[in-house]
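Engineer: Make a model of this:
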Amino acid sequence: MDEKLVTVSVIVLIALAFDFINGFHDAANSIATVVSTRVLSPRAAVALAAAFNFIAFLVFPLHVADTIGKGIIDPSVVDMPVITGALLGAIIWNLLTWWWGLPSSSSHALVGGLIGSGVAKGGVAVLGTTKIIQTALFIVISPLVGMLVSGLMTIACAWLLRKRTPGKVDMWFRRLQLVSASAFSVSHGGNDAQKTMGIITVLLYSQGYMGETFPKGDEIPFWIVISCHLAMGLGTLSGGWRIVKTMGMRLTKLKPFGGFCAETGGSAAIFIATAMGVPVSTTHTITGAIVGVGAVNRPGSVRWGIAARIIWAWVFTIPASAAFAVATYYLLKLFSN
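Structural biologist: Numbering: from 1, shown residues only. Got it, this is the predicted structure:
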């Protein structure tokens, strides 16, 4: 069998492993609020999230896959060590933050991995400055949008329902939260699975398996699309209870009313970013949305110390995953010589 084909196949499996880890690492983003409000059990919540993660390919065009495939680093410098280093750097950081129970961003871990491997091979000239700056801006914009939308929804809904009894409001929002949790799961699957699609596509292109021109989003083979969504859905099914506790229980206490507002605000922000082709962090967005709801209800209810730990994890994600990617890249080059 062709040795190059075997190596490429192994790297594709590593990419799908990253997608699987992304699923269980970021499962908390979709289910933390619906579990903490006790609308669904953890088992039912992860099943719901996994299903909607999987069907997201029916909803979104593949703009984010385009950005990851050719917007972060120049596709001409991509080879197997670059992609492997990027993936392993992101996986190492994801596993560390999962073990620590910190909701860091799988998206930015992958971006950091690409930056680290790309610079290790070709220097800073290979970086796609425009898309990297856009991604960096959305580190701030996405949680702020989630916070603003969820906060405004909390105020508006509280005013509209001011004459209703708490029991009636709770009953309504227990049902509505199933809708908002599903919408957030679709947005998560739509944005996050596309990042792995971009990685696999640029790998196959660099090795001559995708023709002479880099494929546009709608030209990505369907087997790549379906494999990435399936890997993410299966990863979500495996859950991530450590991070669920941080997001849904330790950050602030939520009721179904607040859970609905947080999920709706977060999904609105991610839908917009995905349409723009920005690899936004679902983790950052839902965290901002949860803080927005808690701050509107009672600022003192937000555990700002936990929020500060989360922010530090955000700050270190891109440089840490880049550093792991650089180390992995050089190890691969060392052993391949």
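
Engineer: only C-alpha atoms for contact and neighbour calcs from this point on.
Structural biologist: Fine.

Engineer: Scan the helices and strands of this protein for the one with the lowest mean pLDDT.
Structural biologist: Least confident element among the helices and strands of the chain, by mean pLDDT, DSSP states H and E: helix 241-245 (a mean of 52).

Engineer: Name the next helix or strand downstream of it, please.
Structural biologist: Downstream of helix 241-245, the first helix or strand assigned by DSSP states H and E is helix 256-276.

Engineer: avg pLDDT for that following helix?
Structural biologist: Average pLDDT, helix 256-276: 87.

Engineer: tell me which strands and helices the next helix or strand after that helix is in contact with?
Structural biologist: Sequence order places helix 282-297 as the next helix or strand after helix 256-276, per DSSP H and E. Contact here means 3 or more CA pairs under 8 Å, 6 or more residues apart in numbering; DSSP states H and E; on that basis helix 282-297 packs against helix 3-36, helix 129-160, helix 256-276.

Engineer: Go through the helix or strand following helix 282-297 and flag the buried ones.
Structural biologist: Toward the C-terminus, helix 282-297 is succeeded by helix 304-336 as the next helix or strand (DSSP H and E). For helix 304-336, the neighbour count (16 or more other CA atoms under 10 Å) marks 307, 310-311, 313-314, 316-330, 332 as buried.

Engineer: Centre of the chain to helix 304-336, how far?
Structural biologist: For helix 304-336, the separation from the chain centroid amounts to 16 Å (computed by CA atoms, centre = their mean, to the nearest Å).

Engineer: Next: stretch 144-163.
Structural biologist: The chain centre lies 25 Å from the centre of stretch 144-163; the measure is CA atoms, centre = their mean.

Engineer: How about stretch 87-101?
Structural biologist: 13 Å.

Engineer: Kindly report the same for stretch 210-230.
Structural biologist: 19 Å.

Engineer: Give me the mean pLDDT for it.
Structural biologist: Average pLDDT, stretch 210-230: 81.

Engineer: Over to stretch 192-205?
Structural biologist: Per-residue scores along stretch 192-205 average to 88.

Engineer: Could you export that stretch as CSV, CA atoms only?
Structural biologist: The C-alpha trace of stretch 192-205 is given here as CSV (Å, rounded to 0.1, in the frame of the first residue of the first chain):
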residue,chain,number,x,y,z
ASP,A,192,-16.9,23.7,15.5
ALA,A,193,-17.1,20.7,13.2
GLN,A,194,-16.2,23.0,10.2
LYS,A,195,-12.8,23.6,11.8
THR,A,196,-11.8,20.0,11.4
MET,A,197,-13.2,20.0,7.9
GLY,A,198,-10.8,22.8,7.0
ILE,A,199,-7.9,20.9,8.5
ILE,A,200,-8.6,17.7,6.6
THR,A,201,-9.2,19.6,3.4
VAL,A,202,-5.9,21.5,3.5
LEU,A,203,-4.1,18.3,4.4
LEU,A,204,-5.5,16.5,1.4
TYR,A,205,-4.9,19.5,-0.9
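
Engineer: who touches it?
Structural biologist: Here stretch 192-205 makes contact (CA atoms under 8 Å, 6 or more residues apart in numbering) with 8, 12, 15-16, 18-19, 22, 62, 64-70, 75, 78-80, 83, 107, 210-212, 214-215, 220, 224-225, 228-229, 232, 279, 282.
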